[in-house]
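J.: no letters, just coordinates:
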């Protein structure tokens, strides 16, 4: 425990209570004196209360502050909080606190008590690094983010992400990225960015145009060339290729829009493509089963294109690394495989390099497709509720 918590560990109970009381007052003073307040909106629940559930009580408010870890006092405070990230977030790593480019965003709640006293509660925080981007700007990368267990699932993580995005826009940073996000963080980020895109005026006309192209696309005109691996999606045969799919069906966002979104919303190209899939799904005509089938086919083709890029195959001399599930824990592992006929681009069924084990890429593709479609549908269900909670049209 001492190795994890370092100088913040107190073994004596009375000393802890005394330290806790004095630290609470000094932390509140430090936030007011050293922090930059970032205005954010509240999230309303179905009962009409704010995200923390009690802001309608007199004297209760929630705020987000930005703090610089170059300040020794802030750095020392973060050192006490960081072990909680290591305990609660799987795969998290400590940061190099001595680097002056680190900053921290905190979500706090203040409540006035009877007798004129007040209490300040820390609900969660995230750390962000300012990377240099040529020639004269920065990229913000979120490294650690944690909402403490009693306050989770109440919108505080969403508001922390929004605060980072607001800072990136105000600074005119290049974009915002996330360092190795967990599944739950990536889902939260997808929801946040999809909501932002819905309110960005140039996006919806492009989405509606893309959905119309998808409806009018001929299912027999494959957007990828025919090769040996075939999949089956909703009784439609899908073929994969080493070539990248063309944008005949409007599956990809227009390049000009990608750049416009990056400039105004600071959403990276990769993240925008993820959100674009969600936006297309949200605007599908559910009464048109053929349109939905075409969406599934396009999604499968996109996944296959990402997996079987010709250039990467040649550079690997017919070898591939395939991610697979680990039966013993929630992490991922991988195997390296060699195609049977790598020279001519045919024969996608792999032969494992060790043990003679064969891996069915059809099964892997089906699993990846179903996993991605589940992610999209889950986020598509959450977005309207979050829009309502954020009081967006």
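T.: Right, received. Where do you want to start? None of the values given here were measured: they were computed from a predicted structure.

J.: name the surrounding residues that touch stretch 151-170.
T.: Applying C-beta atoms under 8 Å, 6 or more residues apart in numbering, the contact partners of stretch 151-170 are 38, 40-41, 43, 45, 51-53, 64, 66, 105, 107, 123-126, 128, 140, 142, 145, 147, 173, 175-176, 185, 188-189, 191-192, 196, 264-266, 386, 389. (Glycine included, C-beta is placed from N, CA and C.)

J.: secondary structure element holding residue 163?
T.: Using DSSP states H and E, residue 163 maps to helix 156-171.

J.: pull out the buried residues from that helix.
T.: The neighbour-count check on helix 156-171 (16 or more other C-beta atoms under 10 Å) flags 156-168 as buried.

J.: give me the number of residues near the closest residue to residue 113 other than its chain neighbours?
T.: Spatial nearest neighbour of residue 113, chain neighbours left out: residue 119 (6.3 Å); criterion: C-beta to C-beta, 6 or more residues apart in numbering. Counted with other C-beta atoms under 10 Å, residues neighbouring residue 119 total 12.

J.: quick check: beta-bridge partners of residue 119?
T.: With DSSP bridges as the criterion, residue 119 is bridged to residue 111.

J.: state the pLDDT value of it.
T.: In this prediction, residue 119 carries a pLDDT score of 78.

J.: equivalent analysis for residue 384, please.
T.: pLDDT at residue 384 comes out at 88.

J.: ditto for residue 295
T.: The model's pLDDT for residue 295 equals 92.

J.: same thing with the one 4 residues further on?
T.: According to the prediction, residue 299 has pLDDT 90.

J.: what residues are up against it?
T.: Counted by C-beta under 8 Å, 6+ apart, residue 299 has contacts 277, 369, 372-373, 376.

J.: can you tell me the element it falls in?
T.: Here residue 299, judged by DSSP H and E, is contained in helix 289-307.

J.: how about that helix, which residues are buried there?
T.: 291-292, 294-295, 297-305, 307.

J.: these: which two are farthest apart?
T.: The span of the buried residues of helix 289-307, defined through C-beta to C-beta, is set by 291 and 307 at 25.1 Å.

J.: follow-up on the earlier one: so which of the contacts of stretch 151-170 are in strands?
T.: Within these, residues falling in strands by DSSP state E are 38, 64, 66, 105, 107, 123-126, 128, 140, 142, 145, 147, 176.

J.: so, low pLDDT: which residues of the chain?
T.: Residue ranges of the chain with pLDDT under 70: 1-8, 20-25, 40-59, 114-117, 219-250, 308-361, 392-393.

J.: now the helices for it?
T.: 2-5, 13-34, 72-88, 156-171, 183-198, 203-216, 255-265, 269-282, 289-307, 310-315, 361-389 (DSSP state H).

J.: contacts for the third one, please.
T.: What that stands for is helix 72-88. Contacts of helix 72-88 (C-beta under 8 Å, 6+ apart): 4-8, 27, 30, 34, 67-69, 92-95, 97-98, 104, 122, 125, 127, 144, 146, 148-149.

J.: buried ones from those, can you make that a ChimeraX selection?
T.: A single ChimeraX command suffices to select whichever of the contacts of helix 72-88 are buried according to 16+ other C-beta under 10 Å:
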select :5,8,27,30,67,69,92,95,97,104,122,125,127,144,146,148
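
J.: what comes up buried for stretch 251-264?
T.: Within stretch 251-264, the residues scored as buried using 16+ other C-beta under 10 Å are 251-253, 257-258, 260-262.

J.: quick one on the thing from earlier: closest one to residue 112 among the helices of the chain?
T.: helix 13-34 (12.7 Å).

J.: any buried residues in that closest one, and which?
T.: 27-28, 30-31.

J.: may I ask which two of those residues are separated the most?
T.: Distances among the buried residues of helix 13-34 were taken as C-beta to C-beta; the most separated pair is 28 and 30, at 7.2 Å.

J.: quick check: closest non-adjacent residue to residue 215.
T.: Closest residue to residue 215 apart from its sequence neighbours, by C-beta to C-beta, 6+ apart: residue 291 at 4.7 Å.

J.: residue 285 is in contact with the one you found, correct?
T.: Yes. With contact defined as C-beta atoms under 8 Å, residue 291 and residue 285 form a contacting pair (5.5 Å).

J.: between the two, which contacts overlap?
T.: Shared contacts of residue 291 and residue 285 (C-beta under 8 Å, 6+ apart): 211, 215.

J.: adding distance to residue 213, write the buried residues of helix 156-171 out as TSV.
T.: Shown next, in TSV, are those (distance: C-beta to C-beta, whole Å):
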residue	distance to residue 213
156	39
157	35
158	32
159	36
160	37
161	31
162	32
163	37
164	34
165	30
166	34
167	36
168	32
